[in-house]
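[1] what would the 3D arrangement of this be:
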Amino acid sequence: MKVVIILIKKNIKNDKTKNLLSNQKGMALLTTLIFVFILVTFGVALLTMTSNDIKLSALQRDSTEAFYIAEAGIEKALWYLNTPEDNGGEGLEWRPNEEKESYPAGSTNYYKLTVEDTAEQDIIKITSRGVVSDGNKVYGSRKIEVEAKKAISPSPSLLVYNYAIATEGDLTFRGDIEIDGDVHSNGDISLVSGDTEITGEATASGVLNQLGSANYATQMYPKIDFEYYKVLAINNGSYYETGVVFNDSTELNGIYFIEGNVEIMQNADLNIINGGAIFATGTITVTAKPTINRTQTAGYDNPLAIIAKGDISLGGYVDVEGVIQTEGELTLDVTTVNEYIKVDRGTVIADEGISISFIGGGSGIDISYNPNDPNDPNLLGENIIGTGIEIYKIISWQEID
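    Okay, here's the model as predicted:
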């Protein structure tokens, strides 16, 4: 009897286990819940990823837009620098400090411009920060910094060499001086003494003392591309890294470029031929009464004769055909017997002023350039190689911050 009862109980237990294992009630609901949970998880993850992608895309878009706005600021700064005030620009001396402008005009986006001088001569630093904003909040900001160096750009519209005498500064005459051609000063013109005779028109942007018309429009003159002529001299084998002293009979054939000062001593007999010229990064001066001759030889189209970044001071026995030009002051001085200065078929130009003096028993000072004379070189309106207007050109570029 005991054995039968035990078997019955064991069978009952096995049946319950089989029933429990075979019972599927509630599994469908559990599976559905798990599946829904997985779907929700994937959905939330997808939405989060999509939202992040949208935000990253917006950030990238705003950052890229800010970069292009900063580049536009650099271009606008160069335009301001390289365009004279008369034409709507600011000129080469413009130095703003975080000047803000909307870009495009009327929008809430903008760039800020700063222009600074550097330790290196003729090199400036331009900084432009482009900003994307709604007027309250900034969404993107990029900053670009460039260095720009003064260079010479050809300018067909420039009047070029159309004056016998021209200067950015003041022009002073002392003594009996003959000028055949037009004369202009962006400063004042003064006749201190003597009887200067000008066959052309004398004009000045400033004051005129006894000569011509005042309050005349400021004129632009060609600038010399020293780097261009330096390369020519190097190729010609006539480049000098230090100053030069001329003290005897010397013939200059071609372009001579001197780093530093040039001194022409009393015993010098300087003969410049075949379209030759002297270019100096320093001054050009004479001691006592040297002889300087320069002929505009047929077949050579270089009209530039004596050119310097520093002051030029000439005297003695000077007979030059072509252009004498300096970024400093120009002094032509005849003070002793038999001396003379003659500039023919050319012109004299100086940035910082010109002083012409004929005092004493010399043969005089005669400057002649008449574009209407067929014997004079046709410089009027010509775009002479190696001359033009000063502009700033980019020499380095980087993004900062």
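[2] can you give the distance of stretch 391-401 from its chain's centre?
    12 Å (CA atoms, centre = their mean, to the nearest Å).
[3] oh, I was asking about stretch 63-73
    Stretch 63-73 sits 22 Å away from the centroid of its parent chain (CA atoms, centre = their mean).
[4] identify the residues contacting it?
    With contact meaning CB atoms under 8 Å, 6 or more residues apart in numbering, stretch 63-73 is reached by 101, 103, 109-113, 128-132, 140-144, 399. (Glycine included, C-beta is placed from N, CA and C.)
[5] which stretches of the stretch 201-350 of the chain aren't confidently modelled?
    210-214 (pLDDT under 70).
[6] now the helices for it?
    226-236 (DSSP state H, counting those that start in this stretch).
[7] can you say which of the contacts of stretch 63-73 are buried?
    103, 109-113, 128-132, 140-144 (16 or more other CB atoms under 10 Å).
[8] for S363, state which of those is nearest.
    For the buried ones among the contacts of stretch 63-73, the closest approach to S363 (CB to CB) belongs to L113, at 56.2 Å.
[9] is the closest one in contact with Y103, as I believe?
    No. Between L113 and Y103 there is no contact under CB atoms under 8 Å: 10.8 Å.
[10] just to revisit the earlier point, the buried ones among the contacts of stretch 63-73 in helices, which ones?
    Assignment to helices by DSSP state H places none of the buried ones among the contacts of stretch 63-73 there.
[11] Y80: which of those is nearest?
    L113 (8.1 Å).
[12] confidence score at that closest one?
    At L113, the pLDDT value in this model is 97.
[13] mind listing what it touches?
    Contacts for L113 (CB under 8 Å, 6+ apart) come out as G73, K76, A77, P96, E98, E99, K100, E101, I126, T127, S128.
[14] contact partners for the last one?
    In this structure, S128 makes contact with 70-74, 77, 111-114, 143-145, judged by CB under 8 Å, 6+ apart.
[15] and what of the third one?
    For A77, the contact set (CB under 8 Å, 6+ apart) comprises P96, L113, V115, I126, S128.
[16] what do you get for I307?
    I224, Y229, A277, I278, F279, A280, V323, I324, Q325, T326.
[17] likewise F35?
    Contacts of F35 (CB under 8 Å, 6+ apart): none.
[18] from L47, how far out is it?
    Distance, F35 to L47, by CB to CB, to the nearest Å: 19 Å.
[19] can you say which helix or strand has K125 in it?
    Assigned by DSSP states H and E, K125 falls within strand 123-133.
[20] that strand pairs with which strands, parallel or anti?
    strand 110-117 (antiparallel), strand 138-153 (antiparallel) (DSSP bridges).
[21] kindly report the domain assignment for the protein.
    1-154+388-401, 165-385 (automatic domain parsing).
[22] highest mean neighbour count out of the ones you listed?
    Among the domains of the chain, ranked by average contacts under mean count of other CB atoms under 10 Å, first place goes to domain 165-385 (a mean of 19).
[23] what's the end-to-end length of it?
    Terminal residues of domain 165-385 lie 21 Å apart, using CA to CA, to the nearest Å.
[24] gap between it and the chain center?
    Between the centre of domain 165-385 and the centre of its chain there are 26 Å (CA atoms, centre = their mean).
[25] renumber starting at 17 from here on
    Yes, from this point I'll number from 17; that puts the last item at domain 181-401.
[26] how far away is I381 from G331?
    For I381 relative to G331 (CB to CB), the value is 10 Å.
[27] what sits in contact with each of those two?
    With CB under 8 Å, 6+ apart as the test, I381 and G331 both reach L348, V350, I357.
[28] so for the longest helix along the chain, mean pLDDT?
    As assigned by DSSP H, the longest helix anywhere in the chain is helix 43-98. Averaged across helix 43-98, pLDDT comes to 83.
[29] gap between I250 and V162?
    28 Å.
[30] before we move on, what about A88?
    Distance from A88 to V162, by CB to CB: 13 Å.
[31] kindly report the same for I365.
    31 Å.
[32] still on that earlier bit, tell me the one of the contacts of A93 nearest M43?
    S144 (68.2 Å).
[33] any idea what that closest one is bridged to?
    L129, I160.
[34] in terms of pLDDT, where does it sit?
    For S144, the model assigns a pLDDT of 97.
[35] and it, how close does it get to N290?
    In terms of CB to CB, S144 sits 48 Å off from N290.
[36] kindly report the same for V199.
    For V199, the distance to N290 - CB to CB - is 30 Å.
[37] restrict stretch 402-417 to CA atoms and write it as CSV.
    The C-alpha trace of stretch 402-417 is given here as CSV (Å, rounded to 0.1, in the frame of the first residue of the first chain):
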residue,chain,number,x,y,z
GLY,A,402,58.9,98.6,-62.6
THR,A,403,56.6,101.5,-61.6
GLY,A,404,53.1,101.8,-60.4
ILE,A,405,51.1,102.5,-57.2
GLU,A,406,51.8,101.2,-53.7
ILE,A,407,49.5,98.5,-52.4
TYR,A,408,49.5,95.9,-49.7
LYS,A,409,49.8,92.2,-50.8
ILE,A,410,49.3,89.2,-48.5
ILE,A,411,52.5,87.3,-47.8
SER,A,412,51.3,84.9,-45.0
TRP,A,413,47.9,83.5,-43.8
GLN,A,414,46.8,81.6,-40.7
GLU,A,415,43.7,80.9,-38.7
ILE,A,416,44.1,81.6,-35.0
ASP,A,417,42.2,80.9,-31.8
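[38] great, nothing more from me.
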